[in-house]
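S.K.: Quick one, fold the following:
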Amino acid sequence: MPDTPELDALFQSLDSLSRFPGTQGPELFAVDGVDRLLLAEAFDDLRPDPADRASDAGSVVVLDDAFGALTLGALSCAPGATDPARVVVHQDWITAERALDINAERFGLSDAYTRHPAERGLDAELLGRARVVLLRLPKSLDTLTEQVQAIARYAPADVTVYAGGRIKHMTRGMNEVLGQSFGDVRASLGRFKARALVARSPLPSARTLEPTFPRRAQVGEIALEVVAHGGVFAGTRLDIGTRYLLEFLDQMAPDAAQAIDVGCGTGILATSLARARPGLHVLASDQSAAATASTAATARANSMGGAVTVLRDDALSTCPDACADLVVCNPPFHSGTALHTDAAHRMFAAAARVLRPGGELWTVYNSHLLYKRDLGRVVGPTTMMGQNPKFTVTRTVRRG
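M.R.: The predicted structure follows:
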């Protein structure tokens, strides 16, 4: 791994990156040791091939760059390369796309890379010419499996994958996932409290393997077929918070004509609500392309495709004011591996804006989070409708 003045200057410049509009917090940063380690490990491979300029288009693929550190770092490793098709980025979260755009503009690199549309997924167009793939190891092995299978299926035989993570969050299962699709997997030395797994030589069997994702499963207790891409919380399972909220389905705004499921995940809430209320239209929104694709597939699998519309959006930012009678929400309280409640508070503020006066917000959350006070302050009068040993369900009425 090179340790050069070029890298030192690059790392210093990345320190100015912003997380906006992503989750904010004093312990959260836009660039960390994982980004630095990946750029250092891949430094030589990130330079264009001077012997074959035609091979550079699509030669560097960046997956799920959270705030732009990997994309902008890859561009800075080859300052003489001007083809915007050389570095291609695919980001699942819409907030990540916006953060990259904002940071790229500050770096003067807005036109220096190509974005692969998130709704197209990890396809041959994205990966078919990849010489180098950079990715941060995700928390979920399902997410990693879907990524690795796609790379091994579509990328050229000489592709090199650099997958980095914080040492304390890395598991042997990550090595095993890479080893199922690549013949050569090694771990880098640790640096910046991070380590990289470097994979080469896609296995011939991985080239022809049928995709594992999206997965499908029948959830018998709610008589629903659930479809899930790898990056979606709980996969094809019914998570226990959603299970509890579903117990209150028949009490939610009985006269509602328009409902919104904010943070829809696999679409269990949205599809169940649409099925229970003929004539009700449900908008299912999430910032994740994997989630909206999963929700759309779940709705179709249960003959609710006409009643459920999906929208990839950041906290309903493109929805008009006072457009809904009912909002349902099972908010996350993690940002990656860190506990954080910023996403939930943004969802509450979004619900306050899109609900009509008198409209209802139904929320389920871990009881220790004490959201009832926040909901009353941001949205309106809030009543606890149920509580079990772990979760609380509340009904909040939008102030007039």
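S.K.: Can you give me the domain boundaries for this structure?
M.R.: For the chain, automatic domain parsing gives the domain ranges 5-208, 215-397.
S.K.: could you dump these to a markdown table with mean neighbour count and mean pLDDT?
M.R.: Any C-beta I mention is one placed from the backbone N, CA and C, and that applies to glycine too. Listed next are the domains of the chain as a markdown table, based on neighbours: other CB atoms under 10 Å; pLDDT from 0 to 100:
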| stretch | mean neighbour count | mean pLDDT |
| --- | --- | --- |
| domain 5-208 | 19 | 92 |
| domain 215-397 | 20 | 94 |
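S.K.: Show me what the helix or strand hosting residue 186 pairs with in its sheet, parallel or antiparallel.
M.R.: Element membership for residue 186, per DSSP states H and E: strand 182-187. Paired strands of strand 182-187, with direction, are strand 194-202 (antiparallel) (DSSP bridges).
S.K.: tell me what whichever strand or helix holds residue 328 is packed against?
M.R.: Element membership for residue 328, per DSSP H and E: strand 324-329. Secondary-structure packing of strand 324-329 (3 or more CB pairs under 8 Å, 6 or more residues apart in numbering; DSSP states H and E): strand 258-262, helix 268-276, helix 342-354, strand 355-366.
S.K.: With distance to residue 372 added, can I get these in a markdown table?
M.R.: Putting these into a markdown table (distance: least, CB to CB, whole Å) gives the following:
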| stretch | distance to residue 372 |
| --- | --- |
| strand 258-262 | 18 |
| helix 268-276 | 20 |
| helix 342-354 | 11 |
| strand 355-366 | 9 |
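S.K.: So for residue 73, which of the ones you listed sits nearest?
M.R.: Closest approach to residue 73 among these (CB to CB): helix 342-354, 25.5 Å.
S.K.: right, and residue 98 touches residue 18 too?
M.R.: No. Applying CB atoms under 8 Å, one finds residue 98 not in contact with residue 18, separated by 10.7 Å.
S.K.: so what sits against both of the two?
M.R.: With contacts taken as CB atoms under 8 Å, 6 or more residues apart in numbering, not a single residue reaches both residue 98 and residue 18.
S.K.: Give me the contacts around the strand holding residue 328.
M.R.: Here strand 324-329 has contacts from 245, 252-253, 255-263, 269-270, 273, 283, 347-348, 351, 354-356, 359-364, using CB under 8 Å, 6+ apart.
S.K.: tilt between it and helix 268-276?
M.R.: With axes from the mean of the first three to the mean of the last three CA atoms, to 10 degrees as the basis, strand 324-329 and helix 268-276 are set at 140 degrees to each other.
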